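1. Okay, sequence plus prediction incoming.
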Amino acid sequence: LAEQAKILLAEALENNLGDKTLDERWCRWHSCSLCEQNYHGVVTCALGWACWKTNVGRPEAHWARLLAMSRLGNGLSAAKHHEDALFVQEAELSMWRRLGESEEQMLDVQTNLARTYHHCGRTEEANRMLRDVYSGCLKLNGEQSRDTLAAALNYSASLDALKRYREAKSVLRKMMPVA
């Protein structure tokens, strides 16, 4: 799987096959080309490592290197190697900040990092980060956005995990008319 993904992506890059083809071939790092379902568990982890090893030599700002780091972090998390995933995802967030990437991308990375904080038992940190993601989505997309609704649900679930039920209810009630 990894070798196939590596070869197909290299071919698309070398022959300038366009964004659509690049996207389709990048998906080979995380989903099956036959059934189009996402890989999970240790397969996701193994492909994350292979993707990272394939792209780590590229310049830091190259899109494939950036996405490979995300693949690695998500793969480690999928295989329940949460402490390792935490290390990778914190480095990923730091890299995105250093490169001055889009707010939308930063919110996605922070959401993944918050989930990993939660899995590592760092629920207060996860909650603070999910609150910031929710606030950022509100500012960036407004209340009517799917991304804002997802961020609200993540934040309220985090509040619930901390047994802060009134706050969780308040966030959900605010988003109910939108849903």
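-> Looks like it arrived, so ask away.
2. For Glu36, grab the count of nearby residues.
-> 8 (other Cβ atoms under 10 Å). (Glycine included, C-beta is placed from N, CA and C.)
3. And Cys35, by the same measure?
-> 7.
4. ditto for Ala61
-> Ala61: 12 neighbours (other Cβ under 10 Å).
5. can you check Arg146 too?
-> For Arg146, using other Cβ under 10 Å, the count is 11.
6. check contacts around it.
-> By Cβ atoms under 8 Å, 6 or more residues apart in numbering, the contact set of Arg146 is empty.
7. pLDDT at it, what is it?
-> Turning to Arg146, the model gives it a pLDDT of 92.
8. do the same with the one 3 residues further on
-> In this prediction, Leu149 carries a pLDDT score of 94.
9. Next up, identify which helix or strand it is on.
-> helix 146-161 (DSSP states H and E).
10. Buried residues of the next helix or strand after that helix, list them for me.
-> Per DSSP H and E, helix 146-161 leads on to helix 165-175 as the next helix or strand towards the C-terminus. Judged by neighbour count using 16 or more other Cβ atoms under 10 Å, the buried positions of helix 165-175 are Glu167, Ala168, Val171, Leu172, Met175.
11. Give me the contacts around helix 165-175.
-> Under Cβ under 8 Å, 6+ apart, the answer for helix 165-175 is Tyr134, Glu143, Thr148, Leu149, Ala152, Leu153, Tyr155, Ser156, Ala157, Leu159, Asp160.
12. Please repeat the previous calculation with a cut-off of 10 Å.
-> 127, 131, 134, 138, 143, 148-162, 164, 179 (Cβ atoms under 10 Å, 6 or more residues apart in numbering).
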